[in-house]
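1. Could you work out the structure for the sequence below:
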Amino acid sequence: MAEKHYTYLDYAASAPLRDVARDAWLAYHDKPWGVANANSLHTLGRSAARDLEAAHRMLARCIGCGFRPNEVILTSGGTESNNLAVLGMAEGARRKSANRRNCVVLSAIEHDSVLDVASILRGRGFEVVLARPGRDGVVSAEEVASAMGDSCALVSVMAANNETGVIQPTANIVEAAHAGGALAHVDAVQAFGRIDLDCAKADAVSVAAHKIGGPLGVGAVAMRTRCPFDAQSLGGGQEMGRRPGTQDVAGAVAFAAAAELVCRELPSVRPAVEALANHVYERLCAPGTGIIPTTVAHVDHTRLPGMVSVMVPSMDSESLVLKLDDMGFEVSAGSACSSGSLDPSHVLSAMGIARDEALGSLRVSFDERVTLEELDAFCDALLGIVSAK
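-> Numbering: from 1, shown residues only. Below you'll find the model as predicted:
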């Protein structure tokens, strides 16, 4: 019996491993120092340290925004990067201000790895305020500024939303945060490698390897040396003492290889993938299909390339995902991290989208490795499901 073919269209959850990342990971383990701890003083340890430093340099170069190699802190992924940045920077800013700054502003459409930190912050004596988006999915700098007050320690906002793909005005938000005396953290986990990051003045930026075709379990947060920060774990002085623990050098090398490729090819890849996404929108959201976009604006440069966010108001996401899965198409109902819930997406709810529409949301995501023919086959499948309801 032939094995069933699946078309994977959930790159925003985790992108398939790229050959360059796999090759870099395997090649590192083939080196004599592939077994060594990069913090050891012997010859093999120093060789491992040199490869680790090279990975830091490449990641700093790809993240850009003026970060230096020694400001790139390696982590276990995007969730840890966000947790570490939000908790550590909030604590550091409060300490520096002698407890005067005890408010943290988050946007209401952040990933759970940021929003779920709110309860911990409140338990540590912080006030947490949520800045609301408009119906277009954009959190404005004016909304952030009005939420800050006079005692804001930190503002944390994503570069682009992981469910709708809507790109946020991060440069303006960072400027508003600094004008109010607060630090600014940008969650660029979904945006890194897909768009040029507009975070030149941000104090910290989070990224993750598996979103761009690097290995799972590797991430980073780039953080200015001058940024007040309280480490959230203890033991050893690795990663400038901000994230102690023996580094996964092979993972860092593989992450750097994937980052170098996607950032080098971004100028040509982005418009091509945007064109594919616009084609999918045009097919799915044509008059009479019963499928609508989550936001009206889905033109070039307002969304992440390769992310399509739609709703089928008369159906529920779980049924749609399972029916498409049975037909060999792998998509998600909004964020993969919160799938399995029968509640509407917190992102769509914050945008003011009605419950019956939000319950039928789908996220389709891909990069240049997916073909037009595969996307057309997916469109045919979804349109057939909706028309047969």
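
2. How are the strands of this protein distributed by residue range?
-> Secondary structure of the chain (DSSP state E): strands located at 7-8, 72-75, 103-107, 127-131, 152-158, 183-187, 204-208, 219-223, 292-293, 307-311, 329-330, 361-365.

3. To residue 244, which of those strands lies closest?
-> Distance to residue 244, taken as C-beta to C-beta, is lowest for strand 72-75 among the strands of the chain, at 10.4 Å. Placement of C-beta: from N, CA and C, glycine included.

4. Residues contacting that closest one, please?
-> With contact meaning C-beta atoms under 8 Å, 6 or more residues apart in numbering, strand 72-75 is reached by 56, 59-60, 63, 81, 84, 218-223, 239-240, 242-243, 247-248, 252.

5. So, low pLDDT: which residues of this protein?
-> The chain contains residues with pLDDT under 70 at 1-2, 297-301, 334-342.

6. Domain boundaries for it, per the record?
-> The chain breaks down into these domains under automatic domain parsing: 7-16+267-387, 19-260.

7. Need the winner for burial among these.
-> Compared across the domains of the chain, domain 19-260 shows the largest average neighbour count, a mean of 21 (mean count of other C-beta atoms under 10 Å).

8. what distance separates the start and the end of it?
-> With C-alpha to C-alpha, to the nearest Å as the measure, domain 19-260 spans 13 Å from end to end.

9. okay, the angle between the longest helix along the chain and strand 204-208?
-> The longest helix of the chain (DSSP state H) is helix 249-284. Between helix 249-284 and strand 204-208, the angle comes out at 80 degrees (axes from the mean of the first three to the mean of the last three C-alpha atoms, to 10 degrees).

10. How far off centre is helix 249-284?
-> The chain centre lies 13 Å from the centre of helix 249-284; the measure is C-alpha atoms, centre = their mean, to the nearest Å.

11. report the angle between the axes of it and strand 219-223?
-> Inter-element angle recorded for helix 249-284 and strand 219-223: 100 degrees (by the same axes, to 10 degrees).

12. and the angle from helix 249-284 to strand 361-365?
-> Compare the direction of helix 249-284 with that of strand 361-365 by the same axes, to 10 degrees and you get 120 degrees.

13. Quick check: which helices or strands does helix 249-284 pack against?
-> Applying 3 or more C-beta pairs under 8 Å, 6 or more residues apart in numbering; DSSP states H and E, we find helix 249-284 packed against helix 19-30, helix 43-63, strand 307-311, helix 372-387.

14. Can you lay out these as JSON lines showing distance to residue 128?
-> JSON lines is the format used below for the helices and strands packed on helix 249-284 (distance: least, C-beta to C-beta, whole Å):
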{"stretch": "helix 19-30", "distance to residue 128": "36"}
{"stretch": "helix 43-63", "distance to residue 128": "27"}
{"stretch": "strand 307-311", "distance to residue 128": "27"}
{"stretch": "helix 372-387", "distance to residue 128": "38"}
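
15. Residue 286: which of those is closest?
-> Residue 286 lies closest to helix 372-387 among the helices and strands packed on helix 249-284, at 8.9 Å (C-beta to C-beta).

16. pull the CA atoms of the closest one into CSV?
-> Coordinates of each C-alpha in helix 372-387 appear next as CSV, following Å, rounded to 0.1, in the frame of the first residue of the first chain:
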residue,chain,number,x,y,z
LEU,A,372,1.8,27.1,-6.8
GLU,A,373,0.4,23.7,-7.8
GLU,A,374,0.4,22.5,-4.2
LEU,A,375,-1.4,25.7,-3.1
ASP,A,376,-4.0,25.4,-5.9
ALA,A,377,-4.7,21.8,-4.8
PHE,A,378,-5.2,23.0,-1.3
CYS,A,379,-7.5,25.7,-2.4
ASP,A,380,-9.5,23.2,-4.4
ALA,A,381,-9.8,21.0,-1.3
LEU,A,382,-10.9,23.8,1.1
LEU,A,383,-13.4,25.3,-1.4
GLY,A,384,-14.9,21.8,-2.0
ILE,A,385,-15.3,21.3,1.8
VAL,A,386,-17.0,24.7,2.3
SER,A,387,-19.3,24.3,-0.7
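
17. Off-centre distance for it?
-> Worked out by C-alpha atoms, centre = their mean, helix 372-387 lies 27 Å from the chain centre.

18. and the angle for it with strand 361-365?
-> Going by the same axes, to 10 degrees, helix 372-387 is angled at 170 degrees with respect to strand 361-365.

19. quick one: contacts of helix 372-387?
-> 7, 9, 276, 279-280, 283-284, 289-291, 312, 315, 320, 323-324, 327, 329, 331, 362, 364, 366.

20. make it 7 Å
-> Helix 372-387 has contacts (C-beta atoms under 7 Å, 6 or more residues apart in numbering) with 7, 9, 276, 279-280, 283-284, 289-291, 312, 320, 323-324, 327, 329.
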